[in-house]
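Q: no sequence for this one, just the structure:
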């Protein structure tokens, strides 16, 4: 300490020579925090246009339920917001899938009620929690024939379809990784977001090599930029990527 | 100084200090939480829950940075010592901000699921063998635990209970906590950001912390206390000329056993005490004598220079040393007296003009 430096003792009045230093320090710290908050706050990335479509109201549609790899509905009688012929991924509330309620309705015509989520071309129906929100319907259960779109090696990200569709904003990336894994473990359909669209499909529902739900090997790589090889099928209006987990490579 | 334990011994400066810290935190959160959403062009907006967890998380990071800047600033320039005075309150408030961030994260990302939220937090992402997608939450949990330990042991009760050396060692946890926060952000949110602004702020903050610590270490080396001039006879060691000590101040030397001794000049008489304050090992030799008591520059703890005892009713004590003068040079007996042992101050012979050797 310099000989002539003012000496500060907390419980005594602040020496005159230190008052200006302290006042400037206090103002500088407060200003720095305000500026940092503004700079960091306004630089947040756009989370995209995904959202719950509460504005469109509760949707009631009829369609054919297909359970593998994850529940989807091929709509045969649409609503104002959902066209006939469209294929919708299905989920339950929160991080729950709809499979436990839908298993006994596989390949059957069902009536489904819920809230639509959509982000670009990805669309999902969150089925209501009541038993009457997913019931057996009447009609001919015709599942569209899958169309083979070929074998592809695709680069992109494994996401959970619900958060990506707008349940969370943002609903993808590494910060969201654990949430996405919980959703997929809960039965929400996973989606592969590809950087190289296949026949116009930027989002594909993801299936494991056996055509069923994805297993640990793919689950670990949720939220990371990866490449995967597998077969792409068109099922109704959506694409399904049946990926070989052994072909997975993490990309820089 | 404390004779009994009460939650906070308020004084005007502590109140001012806490008001400034609250202004920093409230200013940050008010801008981030209330002003920023109004100007962001996103439609639909970022989830308020995610927006708020980012606000509290980044606020905690900047607060931790401020905490770590204060130490080296005070070492480089004693005018910044007042910023050190109430830093514990800054640490406790930082812990609350970080805790709020963690609560918001758990109550948003780890709920609405069949898995218990805390089990989900620990069990969901377990990819510890990969760098990309590493469970960055683990770093956040570690940092939060460190902050909780630091906040709960910040009171003087723990300082006395654990003893200053153990307490100080424990409170170095602030460094692994900061490193963990940097890893938490770097392997988490930072990976997703396309806009580089937050990354640049992070680099700026971490660089400032590292560079100021290096500068302070260099400064400490340059002004380090001189060693004793050498052994005189037996346990006596020669330190420095008595004339080098200014009235009301001390000069410090490191003796052969590694201890630092502060020799004070008070009313023309010399007394020696241990340099480390009994409170937080502050450098008593950099203090001043106020109202006949040595006053520590860190928190104002006081000691009678002739016996190393705090004025009653306070009970802190430091060791005293026996000193003597030989040819105008102060010599110290390297064997410290038990803390609080009275030692008669040493008169400095008045040199008459023309009497010098």
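A: Here it is on my side, so go on. This one's a predicted model, so the numbers in the text were calculated from it and none came from an experiment.
Q: shouldn't residue A:124 be in contact with residue A:116?
A: Yes. Residue A:124 is in contact with residue A:116 according to Cβ atoms under 8 Å; the separation is 7.4 Å. Every C-beta, even on glycine, is put in place using the N, C-alpha and C of the backbone.
Q: what's the overlap in contacts for these two?
A: By Cβ atoms under 8 Å, 6 or more residues apart in numbering or on different chains, residue A:124 and residue A:116 have these common neighbours: residue A:88.
Q: Looking at the two now, which is surrounded by more residues?
A: For residue A:124 versus residue A:116, neighbours defined as other Cβ atoms under 10 Å in any protein chain shown are more numerous around residue A:124 (28 against 24).
Q: Tell me if the more buried one really is in a strand.
A: Yes. With the criterion set as DSSP: H, G, I helix; E, B strand; the rest coil, the secondary structure at residue A:124 is a strand.
Q: what bridges to it?
A: Beta bridges link residue A:124 to residue A:89, residue A:117 when assigned by DSSP bridges.
Q: what are the phi and psi angles of the residue nearest to residue B:21 when sequence neighbours are not counted?
A: Here the nearest residue to residue B:21 in space, its sequence neighbours aside, is residue B:90; by Cβ to Cβ, 6 or more residues apart in numbering or on different chains that works out to 5.2 Å. Note on residue B:90: its backbone torsions stand at phi -60, psi -40 [degrees, to the nearest 10].
Q: cool, the one 10 residues further on as well?
A: Torsion angles at residue B:100 (phi, psi; degrees, to the nearest 10) stand at phi -60, psi -40.
Q: residues near it, how many?
A: Residues within reach of residue B:100, counting by other Cβ under 10 Å, total 18.
Q: That one and chain A: what is the separation?
A: Residue B:100 sits at a distance of 15 Å from chain A (criterion: Cβ to the nearest Cβ, to the nearest Å).
Q: What is the lengthiest helix in chain B packed up against?
A: Once chain B is assigned using DSSP state H, the helix that runs over the most residues is helix B:48-76. In terms of contacts (3 or more Cβ pairs under 8 Å, 6 or more residues apart in numbering or on different chains; DSSP states H and E), helix B:48-76 is packed against helix A:16-42, helix B:12-29, helix B:36-39, helix B:81-85, helix B:87-109, helix B:174-187, helix B:197-222.
Q: Tell me how far the first one lies from the chain's centre.
A: In this case it means helix A:16-42. 40 Å (Cα atoms, centre = their mean, to the nearest Å).
Q: and it with helix B:48-76, angle?
A: Interaxial angle, helix A:16-42 versus helix B:48-76 (axes from the mean of the first three to the mean of the last three Cα atoms, to 10 degrees): 150 degrees.
Q: And chain B, is the helix or strand just after helix A:16-42 touching that?
A: With elements assigned by DSSP states H and E, the helix or strand that comes after helix A:16-42 is strand A:51-52. Yes. With Cβ under 8 Å from any Cβ of the partner chain as the threshold, strand A:51-52 lies in contact with chain B, specifically through residue A:51.
Q: Mind listing the strands strand A:51-52 pairs with, and their directions?
A: Per DSSP bridges, strand A:51-52 is paired in its sheet with strand A:109-119 (antiparallel).
Q: quick one: average pLDDT of the partner strand?
A: What strand A:109-119 shows for mean pLDDT is 97.
Q: Tell me the gap between it and the middle of its chain.
A: Centroid separation for strand A:109-119 versus its chain: 16 Å, with Cα atoms, centre = their mean.
Q: The residue nearest to residue B:21 touches residue B:64, doesn't it?
A: No. Shown here, residue B:90 and residue B:64 do not form a contact pair, counting by Cβ under 8 Å, at 9.6 Å.
Q: How is the chain partitioned into domains?
A: As the question left the chain open, I've gone with chain A. Using automatic domain parsing, the domain ranges for chain A come out as A:51-136, A:147-250.
Q: not quite, I wanted chain B
A: Chain B is divided into the following domains under automatic domain parsing: B:12-222, B:230-347.
Q: for the record, mean pLDDT for the shortest one?
A: If you average the pLDDT over domain B:230-347, you get 91.
Q: same question, stretch B:87-99
A: Rounded mean pLDDT across stretch B:87-99 is 96.
Q: hey, where'd the helices end up in the stretch 151-300 of chain B?
A: Counting by DSSP state H, counting those that start in this stretch, the segments of the stretch 151-300 of chain B that form helices are B:156-162, B:164-171, B:174-187, B:189-192, B:197-222.
Q: Residue B:71: which of the ones you listed is closest?
A: Taking Cβ to Cβ as the criterion, helix B:197-222 is the member of the helices of the stretch 151-300 of chain B that comes nearest to residue B:71, at 7.4 Å.
Q: Quick check: which helices or strands does the closest one pack against?
A: Using 3+ Cβ pairs under 8 Å, 6+ apart as the contact criterion, the neighbours of helix B:197-222 among helices and strands are helix A:16-42, helix B:48-76, helix B:174-187, helix B:189-192.
Q: deepest of the ones you listed, which one?
A: Most buried of these, by mean neighbour count (mean count of other Cβ atoms under 10 Å in any protein chain shown): helix B:48-76, with a mean of 21.
Q: The helices and strands packed on helix B:48-76: lowest mean pLDDT?
A: Across the helices and strands packed on helix B:48-76, the stretch with the lowest average pLDDT is helix B:81-85; it has a mean of 91.
Q: what about that helix, distance to the chain center?
A: Here helix B:81-85 is found 9 Å from its chain centre; the criterion is Cα atoms, centre = their mean.
Q: cool, stretch A:174-186 as well?
A: Averaged C-alpha coordinates place stretch A:174-186 at 9 Å from its chain's average position (Cα atoms, centre = their mean).
Q: Please apply the same query to stretch A:233-242.
A: Distance, stretch centre to chain centre, for stretch A:233-242: 18 Å (Cα atoms, centre = their mean).
Q: likewise stretch B:129-149?
A: Distance, stretch centre to chain centre, for stretch B:129-149: 24 Å (Cα atoms, centre = their mean).
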